[in-house]
Every structure is written in structure tokens, then in C-alpha cells.
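[1] Everything below, folded, please.
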Amino acid sequence: MSSDPIIFTDSQQVELSRIVQSRSLPAGYVFRARLILMLAKGNSYNIIKERLRTTAPTISRWKQRFLAAGLDGLDTSHPGQPASVLTPKLRARILSATRRNPRDGSTHWSCRRLAAELGISKDAVHRVWQEAGLKPHRLERYMASDDPDFEAKAADIIGLYLNPPQHAAVFCVDEKTAIQALDRLDPVLPLSPGRAERHGFEYYRHGTLSLYAALETATGRVHGKTTPRHTSQDFVAFLKEVVALCPPDRQIHIILDNLSAHKTGLVRQFLEQNPRVRFHFTPTYSSWLNQVELWFAKIEREVIARGVFTSVPDLARKLRRYINAYSANARPIQWKYSDTSRRIRSNDFSATRH
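    Residues are numbered from 1 along each chain as shown. Take a look at the predicted model:
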């Protein structure tokens, strides 16, 4: 500890007293002025440590800085990192580096890692990414359709939605397979203020079933049927139920995907026996054109994902209850593009984005 005495000039005495009495100056600056005044009055380090709740090294450091530079020594300076000026050259450098893979083997950049790599601030990287609409942490998947007749098939199905044949019924048909009847082993903690509903990680699997669904595009109503398996025989049996829903003189158009169970000999035989039924297959890898997929996503979110099922019959009962309640208040799906930037163009490859 330094034993050099602290001697004030009159102006320093007045200025230190003003600082100590100030209510607007930074608390740290006031603390340091009070510390110097207490030293000048002859207070010991122990008394200062107790009253100001500080340490001996802190007292010694500020005493030495005051002796060396006076009041200027009580100031703190944090120059920080110099600001990055976003010139066109720097922007191009950031964008170019973003498109290259990191050299450490990771798959994408973060703001901080790219900033460290380029020797600039993370805020500069973030600003350039935001301006360019870049989000390296996000990933979108797509499935490109290799169907040479994609546009013709897509136009056919969209035409059924927007301008269906007069006095004809249009159904979107598909199956959701291997739905698991999961029963929770731990109690479900219900939703409460400040806490989401909680499910235990452990479960008991009672078995699975398949759900066939036919969505009528004109009304939005859904006809559903559960089966232990999904075979061509089950599919044909379900089609017969769909046909029975319509008057005998009505044409029936069915939109469905390219699953092998939809193209078997039994299915061809069914079509020969029911000439008023016509199939419309979606293009390959384009099941998003089938409106019933939207409904399957809905029942997954609202019934299956968080459901607790004590048995396979219990799962079937809850699915049927949901279907009946949904159909009682059904509305047709307004199928349209919500993002015009993703419209299908003839010079682009056709793809499904998720």
C-alpha cells in the first residue's frame, strides 16, 4: 500500500466535494471521489473498505491514479472496438464469406463466428445479413417433381378446386397410416398460469391403426374410416363407402396420390364396375396439391400429437368423434397461393417446399 500523502489544491477540494454531493453523475465516479476524500482525511484502508464496501487493491489503484493525474485519473475510458464502416467492398466480402462453408467443419456460420473470421463486429455481419435477407441458421427442404406431365396434372386438379364440373362430386382421398395409440405412463400436468401443459417422456404403445379420409371440396365435410392395416382391399372398401354417399346419377372425381395401393388390380376392377368414378392423380412428389393433406395436418395437431389413448379402440373412437364434430361445422378450403413469389413458373423446376 502506498504511504504517499494526498494533498489537494483548493480547486480540487471544491471539485471533489461537488462530485460527492452530485445526484446526476455516474455512481462509480462519485464513489471514487468519496474514496479520495476519505484518504485525504486520514481514514485507514480498513475503515474505507467497510464504509464503501470495497477492497484494498481498489483503494490503492485509485489513489495511485489520483496522485499521477489528479481528477483526470478518476475518469474511466473504454474505447471499445472501432466501428465497422459498411462499405460496398465490405458488404461483398461478408456476403461472399457467408456462402462459403466454415473451415472448422461446421455446416453454417453464426454472426459471431463469421465476425471473428473476418475481424469485424458481429453487428456489421448481422446488419448485412438482415439487408440481404440471409438466415444461415435456417434450412428449408424441398422435393423436386420429376413428373414430365406436372403442369397438366396440376392444372387438372386446380381446375377441380376452382371450377368443378357441374353436378359432380369432388373428393380428396388419402390415408394416414400407422397412427400410434400412445398412453402416457406419467400423469399429464394440465395447463396453468405461467406453465404449459406437460407430458412425461415415457409412454406405452398399445398398437397402431390407419385412417382413410375423403374430403368433399364443395362443402369441406370429411368422411373417415379407421382400419387395422392399409391394403388395397381396405382402400377399395373405403371407395365404395365414398361412392355410396353420392346420388346414383352423379359423376364422382377423386383426387389422390401415386401410392401403389391406389393402382392395383382390385382398384382397376372397382373403376370398371363404377364408370362414373374418375381418378385424378397428383404429380409425383406433389401430394401438397391434395387438400386432404391440409386436413391430415390439422387432425395431427389437434388430436394425435398430444392425445392420450388407452387402447387402439380408444384412438379410433376419438378420431371418429373429431371427424364428426369437424364435419358438422365444415367449410370448404379456400385453396390459393398466399405468397405470390412462390407461384409456379414454366421456366422453373417444380418443387414442394416445407
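[2] Show me what stretch 325-338 is in contact with.
    Residues from elsewhere that reach stretch 325-338 (CB atoms under 8 Å, 6 or more residues apart in numbering): 158, 161, 215, 217-223, 291, 294-295, 299, 343. Glycine gets a C-beta too; all of them are placed from N, C-alpha and C.
[3] who are the neighbours in contact with the spatially closest residue to residue 149 that is not a sequence neighbour?
    Of all residues not flanking residue 149 in the chain, residue 283 sits nearest, at 6.9 Å (CB to CB, 6 or more residues apart in numbering). Residue 283 makes contact with 145, 147, 149-150, 153-154, 289, 350, according to CB under 8 Å, 6+ apart.
[4] picking that back up, let me know the closest of the contacts of stretch 325-338 to residue 176.
    Residue 176 lies nearest to residue 299 out of the contacts of stretch 325-338, by CB to CB, at 7.8 Å.
[5] Could you look up the SS state of that closest one?
    helix (DSSP: H, G, I helix; E, B strand; the rest coil).
[6] For residue 228, see how far away the closest residue in space to it that isn't next to it in sequence is.
    Using CB to CB, 6+ apart and skipping residues adjacent in sequence, the residue nearest residue 299 is residue 322, 6.2 Å away. Separation of residue 322 from residue 228 (CB to CB, to the nearest Å): 19 Å.
[7] With residue 273 instead?
    Remark: distance between residue 273 and residue 228 (CB to CB) = 25 Å.
[8] and the helix or strand containing residue 151, what does it pack onto?
    Residue 151 belongs to helix 150-162 when assigned by DSSP states H and E. Helices and strands touching helix 150-162, by 3 or more CB pairs under 8 Å, 6 or more residues apart in numbering; DSSP states H and E, are strand 251-256, strand 277-281.
[9] Can you say which of the ones you listed is packed in most?
    When those are scored by mean count of other CB atoms under 10 Å, the highest mean neighbour count falls to strand 251-256 (a mean of 20).
[10] Which strands border it, and is each parallel or antiparallel?
    Paired strands of strand 251-256, with direction, are strand 168-184 (parallel), strand 277-281 (parallel) (DSSP bridges).
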